[in-house]
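Engineer: Okay, predicted coordinates and the sequence, questions at the end:
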Amino acid sequence: MKKKGGSIDYSKWGYIFILPFFVSFFIFSLIPLADTIRYSFFEYYRSGLKEIGPNFIGMANYIELLKSDMLKYAGNTFILWMIGFIPQIVVALLLASWFVDARLKIRCTQFFKVVIYLPNLIMASAFAMLFFTMFSTGVPINSILTSVGLIKEPIDFLGSVFGTRALVGLMNFLMWFGNTTIMLMAAIMGISPDIFEAAELDGCNSMKRFFYITLPLIRPILAYTLITSIIGGLQMFDVPQILTNGQGTPDRTSMTLIMFLNSHLKSKNYGMAGALSVYLFIVAGILCFITYKITNDDDPDGSKAAAKKAKKAGRR
């Protein structure tokens, strides 16, 4: 299409190129989401060979979920997420700072990047099966500890609350800290070296440089990391599912919200599964919004705050 000045307008091609994404999103995401919300207001399940519903029951599914163990499983999910995420973000920040710091002169950084990222390429199911085999009673880890004299009797790692949660947290940490490290390294490398040089000339030590320069300037990537981690934590399923054979043992202390959702899907209770999905959607949205507001700085240079002070002073 030609404009009056003889120039050609190519803007329509942009819409054509992004059209497949919106068509796919509409078919595979938006329609199922709307259908899930619709089913959450219906009684719809199987009882043996008989199918009940769908019968409209309003908010009954949501009320029933609040009376169930959903809040307990939400607490389990939060604990398992914290056990894996806190070490992950701390270690990732340390490694990213060390690898990017030219003064440390770390060699073979490309090799270390590959090594720390490799666990991210391993399937969670394979990881869970490996840990299940290694930490079961009477197999490798217990045998090694017994042979070197550290313990007298085998430890039932998967039979204790602490042991099971620690293993789930450790697996989540090992699978994702490499990915987080690479992202944070890219963020730190995007900071102008002149800023660090100026800080060093002003006598700024490593700790001050990290907390007052590095962290504020990589805030957008930190926000992204936190938000994706929150969503991933709420969707935690494969590792505890395989490690505990879907039972959330011991005493359902490692049962997550998605495992609870999966149990409803197994029993063909689509109404309750839909209501739980809506709860998860709302919680994820609220947590992501809070995280974004906390980590987002809409006045990085302080100009808005200065303008407000000047305005107040003018009124006086």
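Structural biologist: Now that the structure is in, tell me what you want to look at.

Engineer: Sketch out the low-pLDDT regions of the stretch 51-200 of the chain for me.
Structural biologist: Along the stretch 51-200 of the chain, the model assigns pLDDT under 70 to no residue.

Engineer: how about 90 then?
Structural biologist: 51-54, 97-159, 192-200 (pLDDT under 90).

Engineer: and residue 45, backbone torsions?
Structural biologist: phi -160, psi 170 (degrees, to the nearest 10).

Engineer: quick one: pLDDT of it?
Structural biologist: Note for residue 45: predicted pLDDT of 83.

Engineer: Nearest residue to it in space, please, no chain neighbours.
Structural biologist: Using C-beta to C-beta, 6 or more residues apart in numbering and skipping residues adjacent in sequence, the residue nearest residue 45 is residue 269, 4.1 Å away. For glycine as for every other residue, the C-beta is placed from the backbone atoms N, C-alpha and C.

Engineer: List the residues that contact the one you found.
Structural biologist: 44-46 (C-beta atoms under 8 Å, 6 or more residues apart in numbering).

Engineer: Who wins on neighbours among those?
Structural biologist: residue 44 (22 neighbours; other C-beta atoms under 10 Å).

Engineer: tell me the secondary structure for that residue?
Structural biologist: strand (DSSP: H, G, I helix; E, B strand; the rest coil).

Engineer: Can you verify my assumption that it contacts residue 271?
Structural biologist: Yes. At 4.5 Å, residue 44 counts as touching residue 271 under the criterion of C-beta atoms under 8 Å.

Engineer: Overlap of the contact sets of the two?
Structural biologist: 53-54.

Engineer: And what about the nearest residue to residue 122 once chain neighbours are set aside, helix, strand or coil?
Structural biologist: Among residues not flanking residue 122 along the chain, residue 175 sits closest, at 7.1 Å (C-beta to C-beta, 6+ apart). Following three-state DSSP, we place residue 175 in the helix state.

Engineer: Am I right that residue 175 is in contact with residue 119?
Structural biologist: Yes. Counting by C-beta under 8 Å, residue 119 is a contact partner of residue 175 at 5.4 Å.

Engineer: which of these two has more neighbours?
Structural biologist: Ranked by neighbour count (other C-beta under 10 Å), residue 175 and residue 119 place residue 175 first, with 19 against 16.

Engineer: what's the spacing between the more buried one and residue 244?
Structural biologist: 17 Å (C-beta to C-beta, to the nearest Å).

Engineer: again, but for residue 62
Structural biologist: For residue 62 relative to residue 244 (C-beta to C-beta), the value is 27 Å.

Engineer: Could you do residue 89 as well?
Structural biologist: Residue 89 is 26 Å from residue 244, by C-beta to C-beta.

Engineer: I'd guessed residue 122 sits against residue 178; true?
Structural biologist: No. Counting by C-beta under 8 Å, residue 122 does not reach residue 178; the two are 10.6 Å apart.

Engineer: Between those two, which has more neighbouring residues?
Structural biologist: residue 178 (23 against 12).

Engineer: Against which helices or strands is the helix or strand hosting the more buried one packed?
Structural biologist: Element membership for residue 178 (DSSP states H and E) is helix 161-189. Here helix 161-189 touches helix 70-100, helix 109-117, helix 124-135, helix 219-234, helix 238-243, going by 3 or more C-beta pairs under 8 Å, 6 or more residues apart in numbering; DSSP states H and E.
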